[in-house]
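Engineer: My questions concern the predicted model and sequence given below.
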Amino acid sequence: MKFFADTAEIDDIKELAATGLLDGVTTNPSLIAKSGRDFMEVTKEICGITDGPVSAEVVALDHATMMKEAEVLRKIADNVCIKVPLTIDGLKTCNALTADGTMVNVTLCFSANQALLAAKAGATFISPFVGRHDDNGSNGMDLIRDIRHIYDNYAFDTEILVASVRHATHVLESALIGADVMTAPPAVIKGLFKHILTDKGIEGFLADWEKTGQSIL
Ligand code: E4P
């Protein structure tokens, strides 16, 4: 499963990229606003840190203006992935852009039928929002299971990008179901490295090593 960082914070992206485990980045208008940076400038900087897809979202609601915005965004770098909302105009835009070889991430997916439409529109990625689904009283991971089933039934190439990931269990379940990608805030990704028994184990080994009076270097 690929790991994308769901952020526009440069320091966090650099730190994760240095682990060698970062496969891409997703942003949205809220994350850009939170960064306080210029959209074009920060997107360009992120594209220079990772070779993987960097999602940049259009804000227009109609197809013609979405195409114009996409035209500007895709010139930023070769690894820009245009993010469009799951609406009729969004999927029209997805269809036109992917026919042209541009990567497209269809966002704000909350049903398996929506995911089916996005795959038919040729989406590179579909982003079902599991956390927001949970918040709304549904089980977000059931949605991922259903989409996996449908995409496998028809051998769709669209990658399932689990979004709105809030905790480690979302990551684990995504991997168990066979999602292609998950995008999570840096704090959630960094938390995956941690286990109390790992820390305790290191502490014990170092205490015993000290008793030997030896050194490796
Ligand atoms: C990513 O592409 C999504 O925009 C993001 O994961 C949404 O997460 P949130 O529900 O925590 O805002």
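Structural biologist: It's in.

Engineer: which SS class is the most centrally placed residue in the chain?
Structural biologist: In the chain, the centroid-proximal residue (CA atoms, centre = their mean) is T183; its distance is 3.0 Å. State at T183, reduced to three classes by DSSP: H, G, I helix; E, B strand; the rest coil: strand.

Engineer: Could you list the residues of this structure in contact with the ligand?
Structural biologist: With CB under 6 Å from any ligand atom as the criterion, the chain meets the ligand at residues 6, 26, 28, 107, 127, 129, 131-132, 163-164, 183. Where you see a C-beta, it was placed from the backbone N, CA and C, and this is true even at glycine.

Engineer: so of these, which ones are in strands?
Structural biologist: Among those, DSSP state E puts 6, 26, 107, 127, 183 in strands.

Engineer: what's the closest non-adjacent residue to the first one?
Structural biologist: Spatially, and ignoring its direct neighbours in sequence, D6 is nearest to T183 (4.3 Å; CB to CB, 6 or more residues apart in numbering).

Engineer: Report the separation between G20 and I10.
Structural biologist: 18 Å (CB to CB, to the nearest Å).

Engineer: what are the ranges of the strands in the chain?
Structural biologist: 2-6, 24-26, 54-57, 80-85, 104-109, 125-128, 159-162, 181-184.

Engineer: Format the ones you listed as CSV; extra columns: distance to I216.
Structural biologist: As requested, these are exported to CSV (distance: least, CB to CB, whole Å):
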stretch, distance to I216
strand 2-6, 32
strand 24-26, 37
strand 54-57, 40
strand 80-85, 44
strand 104-109, 46
strand 125-128, 45
strand 159-162, 41
strand 181-184, 35
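
Engineer: picking that back up, ok, of the residues of the chain next to the ligand, which one's closest to S138?
Structural biologist: The nearest member of the residues of the chain next to the ligand to S138, counting by CB to CB, is R132 at 9.5 Å.

Engineer: Looking only at residue counts, what's the top helix in this protein?
Structural biologist: helix 196-212 (DSSP state H).

Engineer: just checking, what packs against it?
Structural biologist: In this structure, helix 196-212 packs against no helix or strand, with contacts taken as 3 or more CB pairs under 8 Å, 6 or more residues apart in numbering; DSSP states H and E.
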